[in-house]
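[1] need coordinates for the following:
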Amino acid sequence: MQVGLQHKFSVKLILVISGILLANLALYTYFTTSHLKSDLILAYSQHAYNLSDVIKKSTRYSMLLNRSEDVHQIINTIGTEKDVVHIRIYNNTGTIMFSTNSTETKHAVDVNAEACVICHTKFGVFASVPIQDRIRTYTQDGKRLMGLINPIENEADCYNSNCHAHSAEQEILGVLDVVISVDNIEKIIRSNIANIAYNAIVVTFTISFFCGLFVTVMLNRPMVQINKGIQEIGKGNLDYKILLNSHDEFGRLAKRFNDMSAKLHAAYKEIKNWSDTLNTRVNQKTEELKKLYDQVMQIEKLASLGKLSATVAHELNNPLEGILTYSKLIAKQLVKVQKKNEYEKVLRYLSMISDESARCGRIVKDLLIFSHRDEEVFIREDVHDIIRKSMALIRHHLQIYNIEAVENYKASDSTIVCNPQKIQQALLAIFMNAIEAMNAGGKLIIDTATDGQEIHIHIKDTGLGVDPKDLPHIFEPFYTTKSGGKGTGLGLAVVFGIINHHNGSVVVESTSPDGTAFKITLPLPKKSGY
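    As a prediction, the model looks like this:
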């Protein structure tokens, strides 16, 4: 938001400084001119007093000799001086004896006149009048005048002179009144006021200009940069830095602002990273939950199927045994009959019945194994020993199919709590699947490793691998990829059930045309809970 000129701090500061300067200069002008006026009046008063003393001393000798013409000449001559308006000499009765204006001579003045009232009304005795009260200022014909009265005392040489008729008791013989013009004082005051006012305006504008320049450079520009920085932060630009390298308060403020923006940017990045990580972790946990759900569903399927399989297996086992037995018996009897060629077709049918009955028997046997849930005895056993025993059982098959067995037992702690026969059965099922996948030869690699809490058994073959479309279903019961009725589809389902019953897991680590890798994970005793 744009700030109006009248609301700017710099403008307010300049106006305040200018106002203070003008007020101070006005007071300075007032007091200076007042003192100047007082000093000038005092100087003019002293000038008037000195002038009156000169007149007194210049006319004294002529007065003692009673030379009136000489006194007139002296007064007239001094009256021509600059700023002298008129000079008068009064006697003790108020008659003007001598004056620069000859028409005033011998005229008497009223004792209430301006020149007489000071002595005759206020003090009574002129000699007792203070010097500052002998001065009067007034305006006449538009001119400013200053009058000064100076007493003419009756001294000894006056009343002892033969030409004077003054007694010794008379203290004041008369008064000398000198009036001068003080218009110059007003001119000087006005001139000084004008000069001071002009100088004050010049000084005010000069100081205001430099204050404005100082405020613009040292105050306004840093504030503009700081304000811009705040706006940028408000817009979300947390990388913005204030480029202010001064060492004053604004420089420190800019440095703290930059530190704050850097911390905000770091916090924002951390929050964003946490948000991204959280999304990733949520997706990971969702996948894990999905897999866990699939496993639970698989376990539920297996549990339900196990109950059904036990019943079906027991119900089918006896009829299948009877069919198999009687088919073999009929085949033996027909073989003894002389007309063998005549019953060859029947014998072939009986052979098919026998084979299929045997296959059904194997299925029933696997179902019984799959559904077996009797109480089992778990003991401590070395996994490596179970693997070695299992490998010994399939050694002949490895030789027949030209398969190389590679065993790497890296697990330092390989003792688990388990049912050794069940673990061996699960291992044998995986080994046999691997052998069937490598009918043209290959390698069967068994590795073990431990992380301190679990032992991991890695079983890898170099067969044809598992088709990706079959991968999600390989642990499901009765799902088989073998052709010709060779597989029952229960082998890996049994493996899954056995390992799961041991609180472990079995997964396909990888599969490709170069082979398949299974990973069996079983808990070590301290985590097993047995």
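
[2] how's the chain carved up into domains?
    7-188, 376-530 (automatic domain parsing).

[3] quick one, which of those domains is packed in tightest?
    Scoring the domains of the chain by mean neighbour count under mean count of other C-beta atoms under 10 Å gives domain 376-530 as the most buried, with a mean of 17. (C-beta placed from N, C-alpha, C; glycine too.)

[4] per-residue confidence averaged over that one?
    Mean per-residue pLDDT for domain 376-530: 82.

[5] same question, stretch 147-167
    65.

[6] equivalent analysis for stretch 44-63, please.
    Stretch 44-63 comes out at a mean pLDDT of 77.

[7] also stretch 261-273?
    82.

[8] please spell out which residues along it are buried.
    Using 16 or more other C-beta atoms under 10 Å as the test for burial, stretch 261-273 gives Ser261.

[9] just the CA coordinates for that stretch, please, in PDB.
    Taking Å, rounded to 0.1, in the frame of the first residue of the first chain, the C-alpha atoms of stretch 261-273 are listed here in PDB:
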ATOM      1  CA  SER A 261      14.200 -15.100   6.400                       C
ATOM      2  CA  ALA A 262      16.900 -17.700   6.200                       C
ATOM      3  CA  LYS A 263      15.500 -19.600   9.200                       C
ATOM      4  CA  LEU A 264      12.000 -19.300   7.800                       C
ATOM      5  CA  HIS A 265      13.200 -20.700   4.500                       C
ATOM      6  CA  ALA A 266      14.900 -23.600   6.200                       C
ATOM      7  CA  ALA A 267      11.800 -24.200   8.300                       C
ATOM      8  CA  TYR A 268       9.600 -24.100   5.200                       C
ATOM      9  CA  LYS A 269      11.900 -26.500   3.300                       C
ATOM     10  CA  GLU A 270      11.900 -28.800   6.300                       C
ATOM     11  CA  ILE A 271       8.100 -28.700   6.500                       C
ATOM     12  CA  LYS A 272       7.800 -29.300   2.800                       C
ATOM     13  CA  ASN A 273      10.300 -32.200   3.000                       C
END
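
[10] who touches that stretch?
    229, 233, 238-241 (C-beta atoms under 8 Å, 6 or more residues apart in numbering).

[11] let's go with 6 Å and repeat that
    233, 238 (C-beta atoms under 6 Å, 6 or more residues apart in numbering).

[12] find out how far that stretch is from the centre of the chain, if you would.
    10 Å (C-alpha atoms, centre = their mean, to the nearest Å).

[13] equivalent analysis for stretch 507-522, please.
    52 Å.

[14] ends of it, how far apart?
    12 Å (C-alpha to C-alpha, to the nearest Å).

[15] ok, now stretch 405-414?
    End-to-end for stretch 405-414, by C-alpha to C-alpha: 20 Å.

[16] what does it contact?
    Contact with stretch 405-414 is made by 382-384, 398, 443-450, 455, as judged by C-beta under 6 Å, 6+ apart.

[17] can you redo these as JSON lines with distance to Arg190 and secondary structure?
    Output for those, formatted as JSON lines (distance: C-beta to C-beta, whole Å; DSSP: H, G, I helix; E, B strand; the rest coil):
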{"residue": "Asp382", "distance to Arg190": "124", "secondary structure": "strand"}
{"residue": "Val383", "distance to Arg190": "120", "secondary structure": "helix"}
{"residue": "His384", "distance to Arg190": "122", "secondary structure": "helix"}
{"residue": "Leu398", "distance to Arg190": "131", "secondary structure": "helix"}
{"residue": "Lys443", "distance to Arg190": "122", "secondary structure": "strand"}
{"residue": "Leu444", "distance to Arg190": "124", "secondary structure": "strand"}
{"residue": "Ile445", "distance to Arg190": "119", "secondary structure": "strand"}
{"residue": "Ile446", "distance to Arg190": "121", "secondary structure": "strand"}
{"residue": "Asp447", "distance to Arg190": "115", "secondary structure": "strand"}
{"residue": "Thr448", "distance to Arg190": "117", "secondary structure": "strand"}
{"residue": "Ala449", "distance to Arg190": "111", "secondary structure": "strand"}
{"residue": "Thr450", "distance to Arg190": "111", "secondary structure": "strand"}
{"residue": "Ile455", "distance to Arg190": "114", "secondary structure": "strand"}
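
[18] returning to what we had before: for Ser208, which of the domains of the chain is the nearest?
    domain 7-188 (4.7 Å; C-beta to C-beta).
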